[in-house]
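Undergrad: Quick check, what structure comes out for this input:
(one chain, ligands or ions: 1)
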Amino acid sequence: MFRHTLLAATRNRAARRIVETAPGTRRIVRRFVAGETTDDAVDVTAELAGEGLLVSLDALGEDTLDTAQAEANVQDLADLLGRLAEAGLAGKAEVSLKLSAVGQALDEPFALENARKVCAAAHDAGTTVTLDMEEHDTVESTLRVLTELRREFPETGVAIQSYLRRSEEYCAELAHEGSRVRLCKGAYSAPESIAFTDRVEIDKSFVRCLRVLMAGQGYPMLATHDPRLIEIGGALATLHDRAPSDFEYQMLYGIRPQEQRRLAGEGARVRIYVAFGREWYAYFMRRLAEKPANLGFLFRSMASR
Ligand code: FAD
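TA: Here you go, the predicted model:
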């Protein structure tokens, strides 16, 4: 129940005001968000790269309903990619792109054109883009945009959410050579007709998807902190003769940092999803929804008002 309430609150202005202005919130936000500026993002990327970790950068900001804002978001990403190249970090960091930040809700061709500019900037910098997957009603549009982007930038990746009943089908379609698929459980709210809502069913679906991706010709990216799924991922990679360079683990900045370093220390490729920027509210609320204990930290900080 908490999960649905918190996810509904990502779109509630009053809740947003309360959370954003509560004293102490920023300290908790900093656990999950690397900072507010491009400088912060580049510094954290350099730090993580120094520890043998890879990075995917998420410039926070989503659900853009304004053309100028969508274009400004594209420019910010192009600047970020330029900065990564200058700092010699493009080989260590890619960009995660939310199509909703570049105008998907306004017009799909407009978002495609903007995403194309981001992919071109990534290509020039020497790195890649992975499309985040957002609300269930944007999945088909995101996959259409992916198909178009891959014509020019075949290295473009995409996230698939195992809570979707069709996730295994999507994975089968995407398990081809050159394809990069980030498999995650899914951080949004979706109706029972479209998505599994039971945690065990979501996990079982994750394993079915993982089997398809590991057996396929693409490059699987296992985005989970779940110890059982990480173990199953490793076992399936061995079963399918995948070398450590043929797949990667991905985790969020601030979550299970020791496990991130343990896997990297064993020779695995581990990529940390690093979110940064001022528009942290929706991202932060999704992190709270994933783990009720995080909510306790927030309430305690609010009580100290
Ligand atoms: P869970 O069962 O939720 O968690 C397993 C364990 O991990 C927990 O017991 C806990 O110890 C730890 N943990 C998990 N979440 C938290 C948290 N917030 N705070 C503290 N501890 C936690 N979702 C999308 O819908 N679209 C995307 O494009 C997308 N991209 C992602 C990219 C990456 C790299 C990652 C890691 C996740 C992404 N997600 C995305 C989020 C994902 O769907 C899940 O919501 C999130 O990862 C939690 O699921 P889990 O697999 O870690 O399993």
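
Undergrad: Need the distance between the two termini of stretch 127-143.
TA: Terminal residues of stretch 127-143 lie 21 Å apart, using Cα to Cα, to the nearest Å.

Undergrad: What is the neighbour count of the closest residue to the ligand within the stretch 1-150 of the chain?
TA: Nearest to the ligand, among the residues of the stretch 1-150 of the chain, is residue 132, at 3.5 Å (Cβ to the nearest ligand atom). From N, CA and C alone the C-beta is placed, and that goes for glycine too. Look at residue 132: counted by other Cβ atoms under 10 Å, it has 21 neighbours.

Undergrad: Residue 258 now?
TA: 7.

Undergrad: Then residue 97?
TA: Per other Cβ under 10 Å, the neighbour tally for residue 97 reads 31.

Undergrad: For the helix or strand residue 41 falls within, output the C-alpha coordinates as PDB.
TA: Taking DSSP states H and E as the definition, residue 41 sits inside helix 38-50. The C-alpha coordinates for helix 38-50 follow below in PDB (Å, rounded to 0.1, in the frame of the first residue of the first chain):
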ATOM      1  CA  THR A  38      27.300  18.700 -14.000                       C
ATOM      2  CA  ASP A  39      30.500  19.200 -12.000                       C
ATOM      3  CA  ASP A  40      29.200  17.000  -9.300                       C
ATOM      4  CA  ALA A  41      28.300  14.300 -11.800                       C
ATOM      5  CA  VAL A  42      31.800  14.400 -13.400                       C
ATOM      6  CA  ASP A  43      33.500  14.300 -10.000                       C
ATOM      7  CA  VAL A  44      31.500  11.300  -8.800                       C
ATOM      8  CA  THR A  45      32.000   9.500 -12.200                       C
ATOM      9  CA  ALA A  46      35.800  10.000 -11.800                       C
ATOM     10  CA  GLU A  47      35.700   8.700  -8.200                       C
ATOM     11  CA  LEU A  48      33.700   5.600  -9.200                       C
ATOM     12  CA  ALA A  49      35.900   5.000 -12.300                       C
ATOM     13  CA  GLY A  50      38.900   5.200 -10.000                       C
END
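
Undergrad: List the contacts of it.
TA: 34-35, 54-55, 57, 59, 76, 79-80, 83-84, 87, 89, 92-93, 253, 272, 274, 276 (Cβ atoms under 8 Å, 6 or more residues apart in numbering).
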